[in-house]
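K.L.:
build me a structure from this.
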Amino acid sequence: MVKVLFVCSGNICRSPMAEGAFRQLVSNEGLEESFEIDSAGIGSWHLGEAPDRRAQIVVRARGGDLSELRARRVTLEDFSHFDHVLAMDEENYEALTRLCPPGEEHRVARFMDYAPESNHREVPDPYYGHLRDFETALDLIEAASRGLLADIRANGL
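P.N.:
Residues are numbered from 1 along each chain as shown. All right, here's what the predicted structure looks like:
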């Protein structure tokens, strides 16, 4: 089983969108039994909250569902439990590398590294934006999700 954790700032926009998009991609490929997929935030501002309404709208429009997800914070145990701990932006990546216990650094990566064809190195935070900003973030998330799945398959799923 491949275990993937998506991480953003508060776990109500980008990382739950990534969890939902990757879960949908894996399901479409018939690989649900091969993956554990989750999301978390660096901060604790939104603990227990559902994803942002706009995130739910754009994911639902593309066939996904975030309604059951609730925000949680990254834990130290996540670094040994998950094979991939994927940061949505550079600030999240730096926070994860500071939190990461010694010997687990190989698990932490920048999510957009899986979309090398994109000219974006980060998934921009749409929180203070409009619905279109969430759609743009989801476009990037879907591109990186396809690259991540291809990489996992290439490395022996």
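K.L.:
contacting residues around the nearest residue to Asp151 once chain neighbours are set aside?
P.N.:
In this structure, Asp151 finds its nearest non-sequential neighbour in Tyr114, 6.1 Å apart by CB to CB, 6 or more residues apart in numbering. Using the backbone N, CA and C atoms, a C-beta is placed for each residue, glycine as well. By CB atoms under 8 Å, 6 or more residues apart in numbering, Tyr114 lies in contact with 144-148, 151.
K.L.:
from Phe35, how far out is Tyr114?
P.N.:
15 Å (CB to CB, to the nearest Å).
K.L.:
low-confidence ranges in this protein?
P.N.:
Residues of the chain that meet the criterion pLDDT under 70 lie in 157.
K.L.:
which residues in it form helices?
P.N.:
For the chain, the helices defined by DSSP state H cover 14-28, 53-61, 76-81, 90-99, 131-154.
K.L.:
using CSV, write out every CA atom in the first one.
P.N.:
Backbone C-alpha positions of helix 14-28 (Å, rounded to 0.1, in the frame of the first residue of the first chain) are rendered in CSV as follows:
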residue,chain,number,x,y,z
ARG,A,14,-5.4,23.1,-1.3
SER,A,15,-4.6,19.9,0.6
PRO,A,16,-8.2,18.6,0.8
MET,A,17,-8.6,19.5,-2.8
ALA,A,18,-5.5,17.4,-3.5
GLU,A,19,-6.7,14.6,-1.4
GLY,A,20,-10.0,14.6,-3.3
ALA,A,21,-8.5,14.9,-6.7
PHE,A,22,-5.9,12.2,-6.1
ARG,A,23,-8.5,9.9,-4.5
GLN,A,24,-10.7,10.4,-7.6
LEU,A,25,-7.8,9.7,-10.0
VAL,A,26,-6.8,6.6,-8.1
SER,A,27,-10.4,5.4,-8.1
ASN,A,28,-10.8,6.0,-11.8
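K.L.:
so it versus helix 90-99, what angle?
P.N.:
90 degrees (axes from the mean of the first three to the mean of the last three CA atoms, to 10 degrees).
K.L.:
next, the buried residues of helix 14-28.
P.N.:
By 16 or more other CB atoms under 10 Å, the buried positions in helix 14-28 come out as 14-26.
K.L.:
swap in the last one?
P.N.:
Within helix 131-154, the residues that qualify as buried by neighbour count (16+ other CB under 10 Å) are 133-134, 136-145, 147-149, 152.
K.L.:
got a list of contacts for it?
P.N.:
Contacts for helix 131-154 (CB under 8 Å, 6+ apart): 2, 4, 13-14, 17-18, 21-22, 25-26, 29, 52, 54-55, 57-59, 62, 84, 86, 111-118, 120, 123-126.
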